[in-house]
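> Need coordinates for the below:
(chains A and B)
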Protein chains: 2
Amino acid sequence: MARNASLSGFPEWLPEERLVELHVLDTLRRVFELHGFSSIETRAVETVGQLLRKGEIDKEVYGLSRLQDDEGDAKGKADPQALALHFDLTVPFARYVVENAGHLAFPFRRYQIQKVWRGERPQEGRAREFTQADIDVVGDGGLPFRYDVEIALVIAEALSALPIPDFRLRINNRKLAEGFYRGIGLDDTAGVLRSIDKLEKIGADKVAGLLQSELGATEEQARKALQLAGIRTEDTSFVAQVKALGVSNELLDEGLSELEQVIEAAVQRAPGKVVADLSIARGLDYYTGTVVETVLVGHEQLGSICSGGRYDALASKGNRKFPGVGLSIGVTRLVSRILSQDLAKASRSVPTAVLVALSHDDSWGAAQDVAAQLRSRGIATEVAAKADKFGKQIKFADRRGIPFVWFTDDDGAHQVKDIRTGEQVPAEPGTWAPPAADLSVQVSTTA
Amino acid sequence: MARNASLSGFPEWLPEERLVELHVLDTLRRVFELHGFSSIETRAVETVGQLLRKGEIDKEVYGLSRLQDDEGDAKGKADPQALALHFDLTVPFARYVVENAGHLAFPFRRYQIQKVWRGERPQEGRAREFTQADIDVVGDGGLPFRYDVEIALVIAEALSALPIPDFRLRINNRKLAEGFYRGIGLDDTAGVLRSIDKLEKIGADKVAGLLQSELGATEEQARKALQLAGIRTEDTSFVAQVKALGVSNELLDEGLSELEQVIEAAVQRAPGKVVADLSIARGLDYYTGTVVETVLVGHEQLGSICSGGRYDALASKGNRKFPGVGLSIGVTRLVSRILSQDLAKASRSVPTAVLVALSHDDSWGAAQDVAAQLRSRGIATEVAAKADKFGKQIKFADRRGIPFVWFTDDDGAHQVKDIRTGEQVPAEPGTWAPPAADLSVQVSTTA
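Sure, this is the predicted structure:
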């Protein structure tokens, strides 16, 4: 494991590693669908104009040009109609909702699992091509706050089903933070959030300095802002802690109530998985309420493995607004960590459960008949291509990681051998089945 | 259905259309895994040098450059290290095999289902972004011919499991054709193949003309070449028909024997699905034996929906050669046709089987408890966000295509209503289940 990608930032998995990734993807899909989320995919490309619609972006975008098009290079970044690869799934989803609004039933629940591309400098946990798994609920005009609670619970359930270490959803609320800043007289709330966002990186003293030097905060205002950001509780006691700071503001109260509802539900339905963390700011401008980041316990330096929140107007069509709430799981970041630290592995390296051996070259047809019967009952089976000596055929199965080898003698009597134990028993192709644990590939944590 | 893509050549599906595509993808994956094929994915990008390695390509390739990179546009097509999107899954797979040869067990069986991109002019059946599903078996040094037979059977089984019209694998063999041309004195076999490849487009007379004018064939040679291309049989009788043409060549005999083995097995194991069609040439140079194209019966003008064949040296590493045989299904081409002609549809438009209604706003928690019990038994369930009047909640379920609505009264008694029939019955969240046909989304042909 932990081989280097042949092209830096573009990870590729070996077949047995891919089984771990598939298990992660299948698990997420299963949980999302059990909660009624519909699958969609959007095209990999957007127009540059669409990608830059939200103003300056800090993501490195890959533009496209046709190699055979002599004028291709002349277009490029200047032309808003030029094509580029999407850097997340939120911007494409917003476009999709607007384009297809007439065909969707709102509130629209969708999940979307796709690759995205960013031309950033590759490092641990940061690739240039990676898979995201997003869920969002989007309303037409309005969207009940309850979906904020639900989205957090769905994600906690999905992450709990993965072969990963324990995790914490760290949840805050923009209204709470902005209302508080206004209440202490700091009106450039976006500026304060940007400074608070640096807390983990540069520490409280430097953030206090920034608040004073860049935003003109008094020492007392900076102290209060940092007191707020220092609050972190596993239950709803953060409400009393915030109130004890003695700041009064209507938006603050609204934010407190929203965050309280999320934490209250999580304490009951996802105990130990969620904390109210009032330091969470999230860089992006479009969040307007709930904001979420997620850390793997013991792997905090990996960064957030699942982030998102509430946005009241990501998409709009004339006067029509589509508020939404959503979270995005960094699948590649998770899978890379699982693989590089051997946190989970597949029970075997191939889907195949049974290799049907050939006693002589003419028995390939009969072997295919056996295989067809096994497959019809869901048992993944392949047939040897040559009538090598049985020892060689068993070795082949062993090398591929196939647990069972099937033999048929010239009288048509069948036997099946578990090559891990050496046990060999008579069997019928119409009825024999491997133990449940061997029927298909299992992925489980190694801890 | 059949809406126009907002960006020409980049199709996107509505949620209920995506269910059809998911069904196609899930079905292919299931069949491939039952036959022991491992999943891999390769990165979306290759270096331009890698993509152009096989010499001139007729595919329009999308090159990448970082929008924020001022020097980006200066590189482009000249630099073989520049990045571009892959245009098929064969070239990336060949690179993957060479790079990971030390970690793979040969013969290596893989399936790969991914998007590819070509900057061609979009038209029916031809998109700029589309999904391919490939299976290949690759050997190290050698690869028994039997895999050619097996690959054809696996693909016939996979296509038979899809909600598509009847299909025909049209199979030929390069050795057969090349041996025959040599046997009649035409040594530029690649040239002859290129001309024969135009048969369906321009007709026999014009191909005869081309053979004479461009390849210096005599009228008799052209006539013989066209006679060969005219042979099409559903069984192995093509062998006698070829032999009746009186041409003798060792390579021809080898090709005849190989194609006979494929057709013989197919007659038995995939009756009616395979024809020997000696007009099939396949444009690409790297095929060296079996070649396959596939048509949907009644949709021949759509072009081939599954193509490929045997290549004896697609990949090599020093002196080490990796021969392979593989086929590629055009998933987007198939799905576009299914959707545009309403050939199949999903039994409902969302994964959700049950909506748990709210009797009043405080019952959301209790409703989540009901939902959790249903989900734990695999029943996809969502919970209403607001305690609207029951009529409105039922209407919401109806609009989303959810078949069942669950009610809990203030005494905790449960009822579930099939909103299609209006039938409402008492139910328990720990035991009730929908009929099997309603448990998950079914996709079936409309015919």
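> Mind listing what's buried along stretch A:247-255?
For stretch A:247-255, the neighbour count (16 or more other CB atoms under 10 Å in any protein chain shown) marks A:247, A:249, A:251, A:252, A:253, A:254, A:255 as buried. Every C-beta, even on glycine, is put in place using the N, C-alpha and C of the backbone.
> So which of the residues you listed belong to helices?
The members of those that map onto helices under DSSP state H are A:251, A:252, A:253, A:254, A:255.
> how deep is residue A:201 tucked in, by neighbour count?
The number of residues packed near residue A:201 is 8, by other CB atoms under 10 Å in any protein chain shown.
> give me the element it is part of.
Assigned by DSSP states H and E, residue A:201 falls within helix A:199-202.
> Just the CA coordinates for the least confident helix or strand in chain A by mean pLDDT, please, in CSV.
In chain A, no helix or strand scores lower on mean pLDDT, DSSP states H and E than helix A:48-51, which sits at a mean of 87. What follows is helix A:48-51, C-alpha atoms only, in CSV (Å, rounded to 0.1, in the frame of the first residue of the first chain):
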residue,chain,number,x,y,z
VAL,A,48,-15.7,29.2,-16.9
GLY,A,49,-18.4,31.9,-16.4
GLN,A,50,-20.5,29.5,-14.3
LEU,A,51,-17.5,28.4,-12.2
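> now it, how far from the centre of its chain.
In terms of CA atoms, centre = their mean, to the nearest Å, the centre of helix A:48-51 is set 24 Å apart from its chain centre.
> and after it, which helix or strand comes next?
Reading on from helix A:48-51 to the C-terminus, the next helix or strand found by DSSP H and E is strand A:62-66.
> Pipe the buried residues of stretch A:247-255 into TSV and attach distance to chain B per row.
Shown next, in TSV, are the buried residues of stretch A:247-255 (distance: CB to the nearest CB, whole Å):
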residue	distance to chain B
A:247	29
A:249	26
A:251	23
A:252	24
A:253	20
A:254	18
A:255	20
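> Redo the residues you listed as a markdown table? Include pLDDT.
Listed next are the buried residues of stretch A:247-255 as a markdown table, based on pLDDT from 0 to 100:
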| residue | pLDDT |
| --- | --- |
| A:247 | 97 |
| A:249 | 97 |
| A:251 | 97 |
| A:252 | 98 |
| A:253 | 98 |
| A:254 | 98 |
| A:255 | 97 |
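> what's the farthest-apart pair in the residues you listed?
Using CB to CB, the pair of these lying farthest apart is A:247 and A:254, separated by 13.6 Å.
> Going by neighbour count, list what's buried in the least confident helix or strand of chain A.
A:48, A:50, A:51.
> Which members of these additionally contact chain B?
residue A:48 (CB under 8 Å from any CB of the partner chain).
> Can you tell me which of the buried residues of helix A:48-51 lies closest to residue B:345?
Closest approach between the buried residues of helix A:48-51 and residue B:345, by CB to CB: residue A:50, at 30.9 Å.
> Double-check that closest one against residue A:98; I have them as touching.
No. In this structure residue A:50 lies outside contact range of residue A:98 using CB atoms under 8 Å: 10.4 Å.
> which SS class is the residue positioned nearest the centre of chain A?
Centroid-nearest residue in chain A: residue A:329, 2.3 Å away (criterion: CA atoms, centre = their mean). Put simply, residue A:329 is strand when judged by DSSP: H, G, I helix; E, B strand; the rest coil.
> From chain B, how far off is it?
Distance, residue A:329 to chain B, by CB to the nearest CB, to the nearest Å: 18 Å.
> That residue reaches residue A:151, doesn't it?
No. Taking contacts as CB under 8 Å, residue A:329 lies outside contact range of residue A:151: 11.9 Å.
> In contact with the nearest residue in space to residue A:401 that is not next to it in sequence, which residues are there?
Of all residues not flanking residue A:401 in the chain, residue A:349 sits nearest, at 3.8 Å (CB to CB, 6 or more residues apart in numbering or on different chains). Residues in contact with residue A:349 (CB atoms under 8 Å, 6 or more residues apart in numbering or on different chains) are A:15, A:16, A:19, A:400, A:401, B:38, B:105.
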